[in-house]
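Visitor: Using only what follows, build the 3D model:
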Amino acid sequence: MIELTLEQRQAVSKQGETPPRAIDPDTDTTYVLISEAVYARLKALLIEEQNSQFLDDMYLPTMEVFGKEGWDDPAMDIYNDLDPRRQA
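Guide: Numbering: from 1, shown residues only. Model prediction:
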């Protein structure tokens, strides 16, 4: 766990409802700092979404429409690599 410095705590308190962002200068990666309570709510929503029968039922028809619109073009395969569900 990372402990915030006084300067960082002050920056967080000044943000109000907008979550502060932190940048790792070595990787140029931006992180969004949210409270543990907000994280728990988001996580619950995502888990609920993953288990949704509606989403399961809509997957194949949606993929058919996407295919007709050109999403099955091999040039679009690069976007599969960006799918976080496929990350190891």
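Visitor: Run the chain-centre distance for the helix or strand that contains residue 64.
Guide: Secondary structure assigned from DSSP states H and E places residue 64 in helix 53-68. On the basis of CA atoms, centre = their mean, to the nearest Å, helix 53-68 sits 21 Å off its chain's mean C-alpha point.
Visitor: and if you look at stretch 32-46?
Guide: Counting by CA atoms, centre = their mean, stretch 32-46 comes out at 11 Å from the chain centroid.
Visitor: repeat for stretch 60-70
Guide: Going by CA atoms, centre = their mean, the spacing between the C-alpha centre of stretch 60-70 and its chain's C-alpha centre is 23 Å.
Visitor: And the strands in the chain?
Guide: Using DSSP state E, the strands found in the chain span residues 21-24, 29-32.
Visitor: returning to what we had before: now the helix holding residue 64: buried residues?
Guide: Using 16 or more other CB atoms under 10 Å as the test for burial, helix 53-68 gives no buried residues. C-betas here are computed from N, CA, C, even on glycine.
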